[in-house]
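Peer 1: build me a model:
(chains A and B)
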Amino acid sequence: MSGTLAVLVLAAQSADKPINDLTPKPQELVIGAVAFAIVFAFMAKWVIPRVNTILEERRQKIQGDLEQAEKTRKEADKQLVDYREQLSGAKDEANQIIEEARKTAEAMRKEMAAKAEEESKEIVARAQEEIRAERDRVFQELKAQVGELSVQLAGRMVGESLDKDRQLRLVDDYIEELTAMAPASNGNGNGNGNEEQG
Amino acid sequence: MTGLLGLAFDKPTTKDFVFRCLSGSARVGGVAFCLNWVVLMLIIAVTAYLLLFFLAFRKPKVVPGKFQLIMESGLEFVRQQVVLQMIGPEGMGFLAFLTTLFFFIFLGNILEVIPGTGFPLNSRLAFPLVMALIAWVVYNAVGIRHHGFFGYLKLVVVPPGAPAWLLPFLGLIEFFSVIIVRPITLTLRLTANMIAGHFLLAVFFLGTLTLATGVPYVLGLVSFGLALLLVVFEIFVAGLQAFIFAVLTASYVAGAAASEH
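Peer 2: Residues are numbered from 1 along each chain as shown, chains lettered A, B, ... in the order given. Next up is the predicted model:
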């Protein structure tokens, strides 16, 4: 059969028609089929399985990487939440500390204010005491002077010189009497009373 | 030749597709074999094919290098654009077959524009014919395996929804188209494209030689520019025809496996 074909092909070639230049040669059919078979076997047995293996490996690697990334992301989220909680806890604590400090400060302020008030009262009281003492001292002095002046004045007016010591005693007695009459009245009243009496 | 032209214009003829034996011939099983230019180129093409894929996937890496990536992209292209597009995920069993078709045809075509060879293997009718016949066997086998012999025959000759009185005509046309015409069109489309491409390039490159040595020389430049453009165009055609062959085969397989038209 193929022998006949070859003969036909040869005959056609000898006829020298262009179409015969283009018709398939028997050896080309056979070699073409063999070539295709070789290449196909190579693809089917070697290339495609290898490529599939590597694609599968790549797929798994990518999937693994993605899963790993997802895991890492979740961990990071969790840590963030933790940190936030800690942070808010710290804030509360800080607020508490500040509050306590404020209370302490307030207490100290009050204490100091009370102490200061007490001190000031004390100072005032002492001052009053001093003033009273001074006043008493001045009063005593005035009393002596007033007595002296009164005796001088009375001596001039009467024209005769009384015994000075006796006169002063008289005045003193008088003033003592006045003081005894109004022991609760203030210094001014006493002074006024003395002058009126003088 | 006239004095106006320089070198004689050797117009390309169909003789350009016939090659002398370079060795003695031997007869095996009634077929005479000899080593000629075509066989040599086929050996080169097959070797190149094996080498390309071997080097790319000798030590495949999860993170691919440049070369591995390029070859992977080629396989990925067939996987996506041919197998998944035409058949779907269940067509993955045909991945090896369809990638072989695509790359083997592409290599056979691209030889046309490789300097030093300049001859597309697939312009020899025998090679596309062999592949078309293999495709024919494959898609018919798929049909018979899915539907049984008569089931497949019915699927082929009875278009769904056709009026009964038209069935004899439609059945004949369908049978003729699916069983007889398909391998022929597959073969002729590819072969004719490659023969035409080879003629085109031959005309413009030979024309360049003739015109550039004649008067006016400038026409040689025009011819050369066109020839270079055509080289780019033929690279495109080489890829396109390989793709069309693979896609049509995939579509025939999908049609044969389908439960309905």
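
Peer 1: so what does the residue nearest the centre of chain A look like in phi/psi?
Peer 2: Nearest to the geometric centre of chain A sits A:A94, at 7.2 Å (C-alpha atoms, centre = their mean). Torsion angles at A:A94 (phi, psi; degrees, to the nearest 10) stand at phi -60, psi -40.

Peer 1: quick one: B:F243 and B:Q81 touch, right?
Peer 2: Yes. At 7.5 Å, B:F243 counts as touching B:Q81 under the criterion of C-beta atoms under 8 Å. Where you see a C-beta, it was placed from the backbone N, CA and C, and this is true even at glycine.

Peer 1: and those two? Which one has more around it.
Peer 2: Set side by side, B:F243 and B:Q81 show more neighbours around B:F243, with 18 against 15, by other C-beta atoms under 10 Å in any protein chain shown.

Peer 1: residues in contact with that one?
Peer 2: B:Q81, B:V82, B:F102 (C-beta atoms under 8 Å, 6 or more residues apart in numbering or on different chains).

Peer 1: for the second one, give me its contacts.
Peer 2: Shown here is B:V82, whose contacts under the criterion C-beta under 8 Å, 6+ apart are B:L98, B:F102, B:F243, B:A246, B:V247, B:A250.

Peer 1: let's see that with 6 Å instead.
Peer 2: B:V82 makes contact with B:L98, B:A246, B:V247, B:A250, according to C-beta atoms under 6 Å, 6 or more residues apart in numbering or on different chains.

Peer 1: can you tell me which of those has the most neighbours?
Peer 2: Neighbour counts for these peak at B:A246, which has 28 neighbours (criterion: other C-beta under 10 Å).

Peer 1: now do the buried residues in the helix or strand harbouring that residue.
Peer 2: Secondary structure assigned from DSSP states H and E places B:A246 in helix B:218-257. Using 16 or more other C-beta atoms under 10 Å in any protein chain shown as the test for burial, helix B:218-257 gives B:220, B:223-224, B:226-227, B:230-231, B:234, B:237-239, B:241-250, B:252-257.

Peer 1: over to stretch A:138-146?
Peer 2: Applying a neighbour-count criterion of 16+ other C-beta under 10 Å, one finds A:L142, A:K143, A:V146 buried in stretch A:138-146.

Peer 1: just name the lowest-scoring one in those, pLDDT-wise.
Peer 2: Minimum pLDDT for the buried residues of stretch A:138-146 is recorded at A:V146 (84).

Peer 1: chain center to whichever strand or helix holds that one, what's the gap?
Peer 2: A:V146 is part of helix A:48-158, with elements assigned from DSSP H and E. Taking C-alpha atoms, centre = their mean, to the nearest Å, one finds helix A:48-158 lying 13 Å from the centre of the chain it belongs to.

Peer 1: count the neighbours of residue 154 for me.
Peer 2: No chain specified, so I'll use chain A. By the measure other C-beta under 10 Å, the count of residues near A:A154 is 14.

Peer 1: I was after chain B.
Peer 2: For B:K154, the tally of surrounding residues (other C-beta under 10 Å) stands at 12.

Peer 1: secondary structure element holding it?
Peer 2: For B:K154, the element it lies in under DSSP H and E is helix B:149-157.

Peer 1: name the residues that touch that helix?
Peer 2: With C-beta under 6 Å, 6+ apart as the test, helix B:149-157 has contacts from B:G143, B:I144, B:H147, B:G171, B:E174, B:F175, B:V178.

Peer 1: change it to 8 Å
Peer 2: Contacts of helix B:149-157 (C-beta under 8 Å, 6+ apart): B:140, B:143-144, B:146-147, B:170-172, B:174-175, B:178-179, B:256, B:258, B:260-261.

Peer 1: again, but for stretch A:21-37
Peer 2: A:2, A:5-6, A:9, A:12-13, B:13-15, B:17-18, B:31-34, B:38-39, B:42, B:45-46, B:100, B:104, B:124-127, B:129-131, B:134, B:191, B:195.

Peer 1: what bits of the chain have low per-residue confidence?
Peer 2: This is for chain A. For chain A, residues meeting the criterion pLDDT under 70 lie at A:1-16, A:157, A:159-162, A:182-198.

Peer 1: not what I meant, chain B
Peer 2: Along chain B, the model assigns pLDDT under 70 to residues B:1-7, B:259-261.

Peer 1: where along it do the strands fall?
Peer 2: For chain B, the strands defined by DSSP state E cover B:26-28, B:31-33.

Peer 1: please produce JSON lines containing these, extended by distance to B:T210.
Peer 2: Listed next are those as JSON lines, based on distance: least, C-beta to C-beta, whole Å:
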{"stretch": "strand B:26-28", "distance to B:T210": "41"}
{"stretch": "strand B:31-33", "distance to B:T210": "37"}
